[in-house]
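1. Starting from these lines, generate the structure:
(chains A, B, C and D)
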2 protein chains.
Amino acid sequence: MTDERTEMSLRIGDVARLVGTTPRTIRYYEEIGLLPEAPARPSGRHRLYTHAEVERLREVMRLKHLLGVSLEELKTLLTAEEARAEVRAQLRREDVEPTRRRELLDESLGHIERQLELVRHRASELTKLEHELCETRKRVRRKIRELEAQAVVA
Amino acid sequence: MTDERTEMSLRIGDVARLVGTTPRTIRYYEEIGLLPEAPARPSGRHRLYTHAEVERLREVMRLKHLLGVSLEELKTLLTAEEARAEVRAQLRREDVEPTRRRELLDESLGHIERQLELVRHRASELTKLEHELCETRKRVRRKIRELEAQAVVA
DNA sequence: TCTGATCTTTACGTTCACGTCAGATTTCAT
DNA sequence: ATGAAATCTGACGTGAACGTAAAGATCAGA
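-> Presented below is the predicted three-dimensional model:
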């Protein structure tokens, strides 16, 4: 591969800049198990990341922002993501027996559905709030129109 | 009014139970200015609340939950709400001059629109995420179907 | 009026999600 | 090889949002 060098050449500061956070945050996420710790890194050496890991971190922060959950809850949600990644990895090697493949895919589907349920619930709550605000706005606008009408009469 | 007694008979523990929180939280919200402190309460006496205030607290906690903002941000958002309440109070007394009424209503409209903008933005982000999850689910489902097909052939 | 439940203020404690500092180490570029 | 820049590992600090404990006051009911 031509980009074997560029693939792994991202250092923690670069990653932080790319996703708009700080090195400390990344280390913290690794510390609490939210991000996997690079397994083959002798303690003391610099962490190296791939672009794929940058994307993953982006997704993590997006979920955190959108769902507003604690990092602990997020971790359980992402354990699902982890599992899915595992599934994809296993599936690429075609040598898994169909029974096992089926199990993995079903599990995957379950995780997605759990996330979807959560997201849908919040989305519907927000939409409800949006409608309510629109109603209120309508009422205020009507009052303003009434006021205008009065002004014309007077 | 027949319910002047029941109106003001809610104590802080009742309110907490009604909205699903604790007295401490309510006092804290008052302390940081998120909730108005009952003006005519000599220090040391028990706080008394009306059902209207319960509703208001419910709304506050709902916004906090849905928008996921800090209490400080929430306070500025609710200052708008406060202003709207003020407007309604002033408008009920019909003796405000139309010019002033117009000003108040316009201000009100502005506040609502700011909130609406915030809510809409988040709602759209969430909906986007929802669609993405649906897409992923579709892909997983297709893979499962493919697997089933294979099984039939074999 | 008395009593037990609830509330008051004051103040220190706690958890989460990082920030910040220090001193040693590693990496990159020259 | 060497110096500057970035990173490493602890460790302690911090702000937000409450929890908790203490000691006394207030309130509702008998």
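2. Which neighbouring elements make contact with the helix or strand containing residue A:60?
-> Assigned by DSSP states H and E, residue A:60 belongs to helix A:51-67. With contacts taken as 3 or more C-beta pairs under 8 Å, 6 or more residues apart in numbering or on different chains; DSSP states H and E, helix A:51-67 sits against strand A:10-11, helix A:12-19, helix A:23-31, helix A:71-92, helix A:98-153, helix B:98-153. For glycine as for every other residue, the C-beta is placed from the backbone atoms N, C-alpha and C.
3. try 7 Å this time
-> Packing partners of helix A:51-67 (3 or more C-beta pairs under 7 Å, 6 or more residues apart in numbering or on different chains; DSSP states H and E): helix A:12-19, helix A:71-92, helix B:98-153.
4. Identify whichever of those lies nearest to DNA strand D.
-> Set against DNA strand D and scored by C-beta to the nearest atom of the strand, the helices and strands packed on helix A:51-67 come closest in helix A:12-19, at 2.5 Å.
5. can that closest one be found next to DNA strand C?
-> No: contact of helix A:12-19 with DNA strand C (C-beta under 7 Å from any atom of the strand) is absent, the minimum separation being 8.9 Å.
6. sorry, back to before: I'd like the average pLDDT over the helix holding residue A:60.
-> Average pLDDT, helix A:51-67: 95.
7. Also stretch A:70-79?
-> For stretch A:70-79, the per-residue pLDDT averages 91.
8. centre of the chain versus that stretch, how much separation?
-> 10 Å (C-alpha atoms, centre = their mean, to the nearest Å).
9. Could you do stretch A:124-132 as well?
-> 22 Å.
10. Return that stretch as CSV; C-alpha atoms alone will do.
-> Output of stretch A:124-132 as CSV, limited to C-alpha atoms (Å, rounded to 0.1, in the frame of the first residue of the first chain):
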residue,chain,number,x,y,z
SER,A,124,-39.8,12.8,18.5
GLU,A,125,-39.6,14.6,21.8
LEU,A,126,-37.7,17.4,20.1
THR,A,127,-40.2,17.6,17.2
LYS,A,128,-43.0,17.8,19.7
LEU,A,129,-41.3,20.7,21.4
GLU,A,130,-40.8,22.3,18.0
HIS,A,131,-44.5,22.1,17.3
GLU,A,132,-45.3,23.7,20.6
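11. That one and chain B in contact?
-> Yes: interface with chain B: stretch A:124-132 contributes A:125-127, A:129-130 (C-beta under 7 Å from any C-beta of the partner chain).
12. give me phi/psi at the closest residue in space to residue A:10 that isn't next to it in sequence?
-> Computed as C-beta to C-beta, 6 or more residues apart in numbering or on different chains, the closest residue to residue A:10 that is not its neighbour in sequence is residue A:49, at 4.3 Å. Dihedral pair for residue A:49: phi -130, psi 160, per degrees, to the nearest 10.
13. Can you report how many residues lie near residue A:49?
-> 21 (other C-beta atoms under 10 Å in any protein chain shown).
14. my read: residue A:37 touches residue A:29, true?
-> No: at 10.0 Å, residue A:37 does not count as touching residue A:29 under the criterion of C-beta atoms under 7 Å.
15. Looking at these two, which is more packed in?
-> residue A:29 (20 against 10).
16. how close does that one get to residue A:35?
-> 5 Å (C-beta to C-beta, to the nearest Å).
17. ok so, going back, residues contacting the helix holding residue A:60, please?
-> Helix A:51-67 is contacted from outside by A:10, A:15, A:18-19, A:21, A:34-35, A:74, A:77-78, A:118, A:122, B:125-126, B:129, using C-beta atoms under 7 Å, 6 or more residues apart in numbering or on different chains.
18. Which residues in it does the neighbour count mark as buried?
-> A:53-54, A:56-57, A:60-61, A:63-64, A:66-67 (16 or more other C-beta atoms under 10 Å in any protein chain shown).
19. for DNA strand C, what are the nearby residues on chain A?
-> Close to DNA strand C, as judged by C-beta under 7 Å from any atom of the strand, chain A has residues A:9, A:22, A:24-25, A:28, A:44-46, A:64, A:70-72.
20. What remains of the residues you listed if I keep only buried residues?
-> So, by 16+ other C-beta under 10 Å, the buried ones in these are residue A:64.
21. Closest one of the residues of chain A next to DNA strand C to DNA strand D?
-> Of those, the one sitting nearest to DNA strand D (C-beta to the nearest atom of the strand) turns out to be residue A:46, at 3.8 Å.
22. Got phi/psi on that closest one?
-> According to degrees, to the nearest 10, residue A:46 has phi -70, psi 150.
23. And the residue lying closest to it once chain neighbours are set aside, how far from residue A:122?
-> Excluding its sequence neighbours, the residue lying closest to residue A:46 (C-beta to C-beta, 6+ apart) is residue A:11, at 6.0 Å. From residue A:11 across to residue A:122, the span is 35 Å (C-beta to C-beta).
24. So the two - more neighbours on which side?
-> Taking neighbours as other C-beta under 10 Å, residue A:11 and residue A:122 compare with residue A:122 leading, 21 against 13.
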